[in-house]
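**Q** sequence? don't have it. structure:
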């Protein structure tokens, strides 16, 4: 079994994943795959994009460690079906309490602060300088954007996205597939599939 880590995705978000792995001295073990054939052979922060996403049979044969470097929640969910050993990428400059539960494939970026008894599901993104306070629960495939703030006992549902600089007050539950706009201040629960923006946050009517 090789020590190489397969990284799926060669776009802008992949640079953040590379920087996170680099902070722990593992940059030189990465092989990047991206389905955009025009990117093949290019370098991303000195790491070569070697090809398109390997087929499932390769994953089984190679038993590869991997991480998904794509910010779109539904795409991460789809790619997580591959039979990989999904690694956790935690930046050396993140602050994560020892009691925090972290699921496979999750990314914790530079400056993130995760407080006691919080839990992050599988393939979550805790982006740059976000704050996730005590007893929060962030479900699978959710993305907490740069500088976003979750106060204590907040729940974020599957595949939900909390935009950059947004704030969610204590005890609020955000349902699955919700989008919280950048800079929003969320004062009450948000139902599944809704989009909320503004201060205080209000729902966008898609009709």
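**A** Perfect, thanks for sending it. What you see is a predicted model; the values in this text were computed from it and never measured. Numbers count the residues shown, from 1 in each chain.
**Q** switch to C-alpha atoms for all contacts and neighbour counts from now on
**A** Noted.
**Q** Just the buried residues of the lengthiest helix in the chain, please?
**A** In the chain, taking DSSP state H as the definition, the longest helix is helix 12-23. Within helix 12-23, the residues that count as buried by 16 or more other C-alpha atoms under 10 Å are 14, 15, 16, 17, 18, 19, 20, 21, 22, 23.
**Q** Please identify which of these is nearest to residue 53.
**A** Distance to residue 53 across the buried residues of helix 12-23 (C-alpha to C-alpha) is lowest for residue 14, with 14.4 Å.
**Q** Would you confirm that that closest one contacts residue 70?
**A** Yes. Contact criterion C-alpha atoms under 8 Å: residue 14 and residue 70 qualify, at 6.7 Å.
**Q** hmm, which helix or strand of the protein has the shakiest average pLDDT?
**A** helix 56-62 (a mean of 63; mean pLDDT, DSSP states H and E).
**Q** C-terminal to that helix, what's the next element?
**A** Next along the chain after helix 56-62, taking DSSP states H and E as the criterion, comes strand 65-68.
**Q** Just list whatever residues bridge to the residue most central in space within the chain.
**A** For the chain, residue 125 is the residue whose C-alpha lies nearest the centre (C-alpha atoms, centre = their mean; 1.7 Å). Beta bridges link residue 125 to residue 107, residue 143, judged by DSSP bridges.
**Q** okay, it: pLDDT?
**A** On pLDDT, residue 125 comes in at 98.
**Q** From residue 178, how far out is residue 87?
**A** Separation of residue 87 from residue 178 (C-alpha to C-alpha, to the nearest Å): 26 Å.
**Q** So which of the two has more stuff around it?
**A** In this view residue 87 and residue 178 are compared by other C-alpha atoms under 10 Å, and residue 178 has more residues nearby, 22 against 19.
**Q** so who does the more buried one touch?
**A** 157, 159, 160, 161, 190, 191, 192, 193, 194, 195 (C-alpha atoms under 8 Å, 6 or more residues apart in numbering).
**Q** how about low-confidence regions in the chain?
**A** Along the chain, the parts satisfying pLDDT under 70 run over 1-3, 27-28, 56-63, 206-207.
**Q** Lovely, talk soon.
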